[in-house]
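> With the input below, show me the fold.
(4 chains)
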Number of protein chains: 2
Amino acid sequence: MHTVDDLSKVLKVLADPTRLTMLKQMQGGEQCACSFVDCFDISQPAISRHLKMMRQAGLLLERRDKQWIHYRLNETSPFYTIVVDLLDNIETVDASCDCETDCAI
Amino acid sequence: MHTVDDLSKVLKVLADPTRLTMLKQMQGGEQCACSFVDCFDISQPAISRHLKMMRQAGLLLERRDKQWIHYRLNETSPFYTIVVDLLDNIETVDASCDCETDCAI
DNA sequence: AGGTTATATAACGGATTTGTTATACAGAGA
DNA sequence: TCTCTGTATAACAAATCCGTTATATAACCT
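Prediction:
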């Protein structure tokens, strides 16, 4: 159970098509930051800031491997089930964004 | 099933503490606009615009009775279940906002 | 008709969002 | 060490959000 303020803050983070798409992709498993950069038509700093926002909201966990950083859904977030339930309402995202680096994903 | 764009637009409407609280109150039944005016510490025009935003998103239906307008959740909205599921995650809102008019609610 | 009440709209201001470009930092490898 | 790649931060601009006050509209009631 959450407060109105807490929930609205999380919803603000979720209320963006780029971030929703990122989350949907992470629902399919860990994603390298570089794959988002390849996937979306926005700059790398913009991607980085979207990720930071979701991380700060506690929705993501990161794992560094060499120079690559892999992000995944934080299953221990108090909002995890809410996020997943929302993502389940989204039609499958076109995953035509193959990462072009050696990030091992 | 929804598109990322459609869902993010609705989430943007939901991602506000005032609107979330209004929706939570409407979950308990139809609410007169005047009760929101009495309940929140913001101006009547601000209330009116919050209601318009939710109406335009298809989340609300209205019923006019004399000079009062009563709002309720639109159960036929494609996002109705999503909204209700989210509201169910909110701790009960303090309903200390009795309407001081004769709006018959 | 004229006044009162409930609601909506218009115009504006400050804060926030979301993108950009430029730059800094971190790790890998010759 | 120098360079390259991946990621983060800083500074800025355009757009949007959310409040305000002033005003318009709609319905009710003498």
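> Contact partners for residue A:71?
Taking CB atoms under 8 Å, 6 or more residues apart in numbering or on different chains, we find residue A:71 in contact with A:22, A:26, A:30-33, A:51, A:54-55, A:60-63. (C-beta placed from N, C-alpha, C; glycine too.)
> Mind doing that once more with 7 Å?
A:26, A:30-31, A:33, A:51, A:60, A:62 (CB atoms under 7 Å, 6 or more residues apart in numbering or on different chains).
> can you check residue A:72 too?
A:26, A:30, A:60-61.
> repeat that for 10 Å
For residue A:72, the set of contacting residues under the criterion of CB atoms under 10 Å, 6 or more residues apart in numbering or on different chains consists of A:26-27, A:29-31, A:60-63.
> hmm, back to that, who wins on neighbours among the contacts of residue A:71?
residue A:31 (25 neighbours; other CB atoms under 10 Å in any protein chain shown).
> Can you tell me the SS state at the closest residue to residue A:73 other than its chain neighbours?
For residue A:73, the nearest residue in space outside its immediate sequence neighbours is residue A:26; the separation is 5.2 Å by CB to CB, 6 or more residues apart in numbering or on different chains. Secondary structure of residue A:26, reduced to three states by DSSP: H, G, I helix; E, B strand; the rest coil: helix.
> What does the pLDDT read for residue A:26?
The per-residue pLDDT reported for residue A:26 equals 96.
> so who does it touch?
With contact set as CB under 10 Å, 6+ apart, residue A:26 has these partners: A:36, A:54, A:59-61, A:70-74, A:83, A:87.
> Can you name the residues bridging to residue A:70?
residue A:32, residue A:63 (DSSP bridges).
> quick one: contacts for residue A:80?
Going by CB under 10 Å, 6+ apart, the list of residues near residue A:80 reads A:58-59, A:73-74.
> Quick one: which of those is the most crowded by neighbours?
Neighbour max across the contacts of residue A:80 (other CB under 10 Å) = residue A:59, 22 neighbours.
> who's in contact with that one?
With contacts defined as CB under 10 Å, 6+ apart, the neighbours of residue A:59 are A:10, A:13-14, A:19, A:23, A:26, A:53, A:71, A:73-74, A:77, A:79-80, A:82-83.
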